[in-house]
Structure formats: structure tokens, C-alpha cells
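>>> Everything below, folded, please.
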Amino acid sequence: MWSMNENSYYKFTTSMLLVPLFAVLAIWTVFWIEVRFQVNLNYLGVYPRTIKGLAGIGLSPLIHGSLEHLYNNTIPLAILSLAVVYFYKDAALRVFLLGVVCSGALTWVIGRPSYHIGASGLIYALAAFIFFKGVFSKYYRLIALSLGVVFIYGSMLWYIFPIEDGISWEGHLSGFLVGLVLAKVIPTRLPSPQRYQWEKEDFNEDDDPFLKHFDADGNFMETGQEQDPDDKTEIIYHYKKNPKTKD
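Reported below is the predicted structural model:
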């Protein structure tokens with residue numbers, strides 16, 4: 001893994017908002033087209049182990065079955081995609097592309113014979129990537145991000161199991177597994193944390209102006225310089241008489 005200065009690496013730019021904005025705009029535009037022209041595009045989803053279902057590998061993340069389905073995917077997609085772009089900017093494009101393609105392909109292999117639609121596979125891939133990448137990196141900021149993902153989206157883990165009808169748990173499981181693999185195989189740049197002067201190997205305590213105030217046991221000691229008795233300063237006072245007063 002490469003490293004660079006921490007302050008320059010974690011620098012937010014408005015261009016980072018383009019990725020989550022584009023992703024959210026894309027899924028809402030497709031849903032608007034379905035409502036506006038009264039068409040049902042579910043047939044463009046992933047249909048496992050069929051030739052026609054292969055198209056859904058790339059198209060299924062754009063298609064949602066209801067407004068509730070669309071809304072439930074919008075906020076996680078926006079937050080997680082922004083997190084990936086901000087913390088893993090050098091790997092973000094690969095994570096998105098491989099997350100869509102690989103989760104869709106795995107769903108095509110293991111899924112039930114039904115149309116699997118929605119951006120959930122990508123969302124699970126992003127969440128798993130962020131969590132496991134932080135754990136693997138052992139970098140404090142990324143570990144904190146991993147814990148944040150667990151705190152906010154930890155309940156998503158249950159939906160990789162068939163606990164509710166009408167939900168593509170195969171797509172969720174596929175995204176989760178793909179995110180785990182991507183976190184392991186995709187290299188990312190890690191910023192080097194800022195090191196203070198006292199953390200450096202060549203640090204000399206005797207040269208530090210602050211540590212000079214303490215002895216070897218850590219006790220504070222006065223460091224004021226004693227005045228040399230031979231070094232005397234003569235003070236001369238000048239008085240000016242007030243003309244209104246008499247001697």
C-alpha cells in the first residue's frame with residue numbers, strides 16, 4: 001500500500017458529490033420513466049441461469065419495484081458511495097464497477113428463478129468493502145469508519161439470509177461476499193498519520209524546550225536563570241521639580 005500525508009489525502013472537494021448525486025439521480029430517473037410512461041422494466045433485472053437474465057447484471061441496480069423500495073435504497077447508496085469516494089478515492093471506480101458486475105453475476109448463479117432488481121447488491125458490496133477494508137488496514141480513521149457502518153447499517157446483515165419473502169437475499173448475500181473479496185484484493189493508498197516531534201526516532205529530549213522544565217522523574221522544576229551577583233544593573237532616577245512648589 002502507498003502512503004501520503006494525512007492532511008492532503010483527506011481533503012474534501014465538491015467533485016466528490018458528483019458520484020452519489022449521479023447514482024441517486026440514475027435510479028430515480030429510471031423509476032420516473034416507469035411511472036411517466038406506464039412501463040414495467042422488471043424484465044431487465046437479473047433472471048438466474050438464463051441468457052436473457054444476463055442483461056440484468058448491469059441494469060438491475062437501476063430498477064426498483066416500488067417507491068418504498070427506491071426510497072430505502074436511496075439514502076444508503078448516497079452515504080456509502082460518498083464514503084467510498086472520500087476515504088478510498090483511488091479505488092472507488094473499481095469498487096463501483098466490480099461491485100455491480102460481480103454481485104450481479106453471483107446473483108445470476110445462485111439466485112432463485114425470479115427477477116432480481118434494485119441497487120441492494122451494490123449497497124451491500126459497498127458496506128462490506130468499507131467495513132472489511134477498515135479492519136484489514138488497521139488504520140484508525142478507517143476502523144472508525146467501519147464501526148460507523150456497523151452502527152448505522154449493522155441490521156442489514158440479517159437480510160443476507162432468507163428471513164422475509166419478496167426480498168432478494170441472494171442479491172444481498174452476493175453483494176456482501178463481493179465487498180469482502182474486494183476489500184481483500186484491491187490495494188488502496190493509506191495516508192501516513194501526522195507524527196509529532198517527540199514521536200520521531202531522532203528526537204532528543206535535551207533539545208526540547210518544554211521537557212527542560214521537568215527532571216528525570218517527571219517533576220516540574222524551576223528553570224529561571226539565577227542572577228550573577230557580579231552582574232549588577234544600576235538604576236538612576238531623574239526628578240523634575242514642580243515650579244508651583246517651594247523648596
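
>>> Let's check: the centremost residue of the protein is which one?
Residue closest to the mean C-alpha point of the chain, counted by Cα atoms, centre = their mean, is residue 83 at 3.7 Å.

>>> Please, where are all the helices along the protein?
For the chain, applying DSSP state H gives helices covering 6-9, 18-36, 56-59, 67-87, 92-110, 120-137, 140-153, 169-185.

>>> Once you drop chain neighbours, what's closest to the residue nearest to the centre of the chain?
Once flanking residues are discounted, residue 83 sits nearest to residue 130: 5.8 Å by Cβ to Cβ, 6 or more residues apart in numbering. Quick note: C-beta positions are derived from backbone N, CA and C, even for glycine.

>>> re earlier: in JSON lines: the helices of the chain, plus distance to residue 161.
Converted to JSON lines, the helices of the chain look like this (distance: least, Cβ to Cβ, whole Å):
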{"stretch": "helix 6-9", "distance to residue 161": "37"}
{"stretch": "helix 18-36", "distance to residue 161": "25"}
{"stretch": "helix 56-59", "distance to residue 161": "22"}
{"stretch": "helix 67-87", "distance to residue 161": "18"}
{"stretch": "helix 92-110", "distance to residue 161": "13"}
{"stretch": "helix 120-137", "distance to residue 161": "12"}
{"stretch": "helix 140-153", "distance to residue 161": "16"}
{"stretch": "helix 169-185", "distance to residue 161": "6"}
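
>>> Which one of the ones you listed lies nearest to residue 159?
With Cβ to Cβ as the criterion, residue 159 lies closest to helix 169-185 of these, at 5.0 Å.

>>> what angle do the closest one and helix 140-153 make?
Orientation of helix 169-185 against helix 140-153 (axes from the mean of the first three to the mean of the last three Cα atoms, to 10 degrees) gives an angle of 170 degrees.

>>> tell me which strands and helices helix 169-185 is in contact with?
helix 92-110, helix 120-137 (3 or more Cβ pairs under 8 Å, 6 or more residues apart in numbering; DSSP states H and E).

>>> just those: most buried one?
Of all these, helix 120-137 carries the top mean neighbour count, a mean of 25, counting by mean count of other Cβ atoms under 10 Å.

>>> Any regions of the chain where pLDDT drops low?
1-9, 191-247 (pLDDT under 70).
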